[in-house]
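In: Okay, sequence plus prediction incoming.
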Amino acid sequence: MAETMTIGKALNSGLRRAMEDDSKVLLMGEDIGKLGGVFRITDALQKDFGEDRVIDTPLAESGIVGTAIGLALRGYRPVCEIQFDGFVFPAFDQIVTQLAKMFARSGGRVALPVVIRIPFGGGIGAVEHHSESPEAYFAHTPGLKVVSCATPHDAYWMIQQAVASDDPIIFMEPKRRYWEKGEVDTSRSLLPLHASHLLREGTDCTVVAYGPMVRVAVDAATAAAEDNGRQLEVIDLRSVSPLDLKPVYESVRKTGRLVIVHEAPLTGSISGEIASKVAGECFYSLEAPVMRVTGFDVPYPPARIEEEYLPDLDRVLDAVDRTFTF
């Protein structure tokens, strides 16, 4: 059955369904209960499931994640909310030295089914610590899985799949897209959690994105078709770690060109990993160097100039044009 939802509402509905399906699922975070969270993603869940399952925590991210690890060891499936991307770093030690390591440390005998929800990215007129893209830190950490939804349908299903997983999942939510609407088929999921999704077919250039930049990539494809007839193929990665690059390889072998788009700074980013793997797998198919459209290697700027920092349609189209100059 299809319903129209915002991404925020889809996440709320997905969490509700996960809690209904498994009494061991509980939510933890700052102001997520009575308030429903800063972005109201957990609105009304405490009222319906009680304070023992939707827990308002102190302002202590390390304590939130540390408590979640203990609960997971006792058989629960905690879902932690970090209010903003830049607030996750007090918990970084718990995440990378405990949460990510426990399965290997125990020789595979101990699973930690913990989901850490992080609203990430800019575009909401906020300041540093509220608009950053830290996904590469976590993708670089063996033992963690990192995913990001870009549509209401994916938000609804991916959060349920993450909660059901026995792996620690860093769940990146594109905060600037929370209010965008789309169709959600609540009867079935289209893809596994870590699979890429071909959103739009094309023949001239492949554009790869995830999270908040998926919308920009799709808009760029529409504009390119209208402006000069170029057909861009758009792929939503959905999973940052592990990367499902088989659809990307197949696309690049067809188009001969690749543009990768994300908000995070360029150096040491996910796009560098993708570019390296594509160059290795598709070297003889590439007609031009892989282009990357990203944030810049500077701290996130003040809100009044953030649009100068964020990748936009014009920057994506410019990168596509440059692939045709070789």
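Out: Structure received.
In: The stretch 201-326 of the chain: strands as residue ranges?
Out: Ranges of strands in the stretch 201-326 of the chain, per DSSP state E, counting those that start in this stretch, are 205-209, 232-236, 239-241, 258-265, 291-295.
In: And for the stretch 1-150 of the chain?
Out: 2-6, 25-29, 54-56, 77-81, 115-120, 145-148.
In: Would you mind putting the ones you listed into JSON lines with distance to Ala162, mean neighbour count and mean pLDDT alongside?
Out: All C-beta atoms are positioned from the backbone trio N, CA, C, and that covers glycine. Converted to JSON lines, the strands of the stretch 1-150 of the chain look like this (distance: least, C-beta to C-beta, whole Å; neighbours: other C-beta atoms under 10 Å; pLDDT from 0 to 100):
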{"stretch": "strand 2-6", "distance to Ala162": "18", "mean neighbour count": "15", "mean pLDDT": "94"}
{"stretch": "strand 25-29", "distance to Ala162": "11", "mean neighbour count": "23", "mean pLDDT": "98"}
{"stretch": "strand 54-56", "distance to Ala162": "17", "mean neighbour count": "20", "mean pLDDT": "98"}
{"stretch": "strand 77-81", "distance to Ala162": "8", "mean neighbour count": "26", "mean pLDDT": "98"}
{"stretch": "strand 115-120", "distance to Ala162": "5", "mean neighbour count": "27", "mean pLDDT": "98"}
{"stretch": "strand 145-148", "distance to Ala162": "7", "mean neighbour count": "26", "mean pLDDT": "98"}
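In: and of these, who's closest to Arg188?
Out: strand 2-6 (10.6 Å; C-beta to C-beta).
In: residues making contact with the closest one?
Out: Strand 2-6 has contacts (C-beta atoms under 8 Å, 6 or more residues apart in numbering) with Ser13, Pro152, Tyr156, Tyr178, Trp179, Glu180, Lys181, Gly182, Glu183, Val184, Asp185, Thr186.
In: So which of those sit within strands?
Out: Lys181, Gly182, Glu183, Val184, Asp185 (DSSP state E).
In: Now do the contacts for Val248.
Out: Neighbouring residues of Val248 by C-beta under 8 Å, 6+ apart: Ser196, Thr206, Val208, Ile235, Leu258, Ile274, Val278.
In: go again using 7 Å as the cut-off
Out: For Val248, the contacting residues are Ser196, Thr206, Val208, Ile235, Val278, by C-beta atoms under 7 Å, 6 or more residues apart in numbering.
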